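Asks: predicted coordinates and the sequence they were generated for:
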Amino acid sequence: MKQAIHPDYNEINVIWTDGTITKTRSTYSKSKDLRLDIDPTTHPAWTGSAAKISETGRLAKFKSRYGADSGGKAGAEAAADAEAKKTA
């Protein structure tokens, strides 16, 4: 077996975007601190605020054009049917 082929495995500090520091072990040895730009506690993909971003996309355009139920009727027709059901 070859000797001394594995990188050093050191203790480092992971610094989250909110300033929280977590100690772990890693082969990352450029410095003793690893600063994160994106983390699951603040990024919209993990926090659920990504829905706000998608409200301006193709799906939102489709819903505004054809109505929220998108059951095959145009938005005005779907609204008229819904109004007729309320009065009946």
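Replies: Here it is on my side, so go on. Bear in mind the structure is a predicted one, so any value in this text is a computation, not a measurement.
Asks: and the next element down the chain from the helix or strand of the chain with the lowest mean pLDDT?
Replies: Lowest by mean pLDDT, DSSP states H and E among the helices and strands of the chain is helix 50-54, with a mean of 57. Scanning forward in sequence from helix 50-54 by DSSP states H and E, the next helix or strand is helix 58-66.
Asks: count of residues packed around Gly67?
Replies: 19 (other C-beta atoms under 10 Å). Placement of C-beta: from N, CA and C, glycine included.
Asks: that one and Arg58, how far apart?
Replies: 15 Å (C-beta to C-beta, to the nearest Å).
Asks: which helix or strand contains the spatially closest residue to Ser26 that is not a sequence neighbour?
Replies: Spatial nearest neighbour of Ser26, excluding adjacent residues (C-beta to C-beta, 6 or more residues apart in numbering): Ile12 at 5.1 Å. In this structure, Ile12 sits in strand 10-15 according to DSSP H and E.
Asks: repeat for Lys23
Replies: Counting by DSSP H and E, Lys23 is found in strand 21-26.
Asks: what strands line up against that strand, and which way round?
Replies: strand 10-15 (antiparallel) (DSSP bridges).
Asks: residue ranges with poor pLDDT in this protein?
Replies: Scanning the chain for pLDDT under 70 picks out 1, 29-30, 49-56, 68-79, 82-83, 86-88.
Asks: from Asp81, how far out is Leu59?
Replies: To Asp81, Leu59 is 22 Å away according to C-beta to C-beta.
Asks: between these two, who's got more neighbours?
Replies: Neighbour comparison, Leu59 and Asp81: the larger count goes to Asp81, with 14 against 11 (by other C-beta under 10 Å).
Asks: helix/strand/coil for the more buried one?
Replies: helix (DSSP: H, G, I helix; E, B strand; the rest coil).
Asks: hmm, back to that, got the CA positions of the strand holding Ile12 in PDB?
Replies: Only the C-alpha atoms of strand 10-15 are listed here, as PDB (Å, rounded to 0.1, in the frame of the first residue of the first chain):
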ATOM      1  CA  ASN A  10      -7.700  19.100   9.900                       C
ATOM      2  CA  GLU A  11     -10.300  20.700  12.100                       C
ATOM      3  CA  ILE A  12     -11.800  23.800  10.500                       C
ATOM      4  CA  ASN A  13     -14.400  26.400  11.300                       C
ATOM      5  CA  VAL A  14     -17.400  26.700   9.000                       C
ATOM      6  CA  ILE A  15     -18.800  30.200   9.200                       C
END
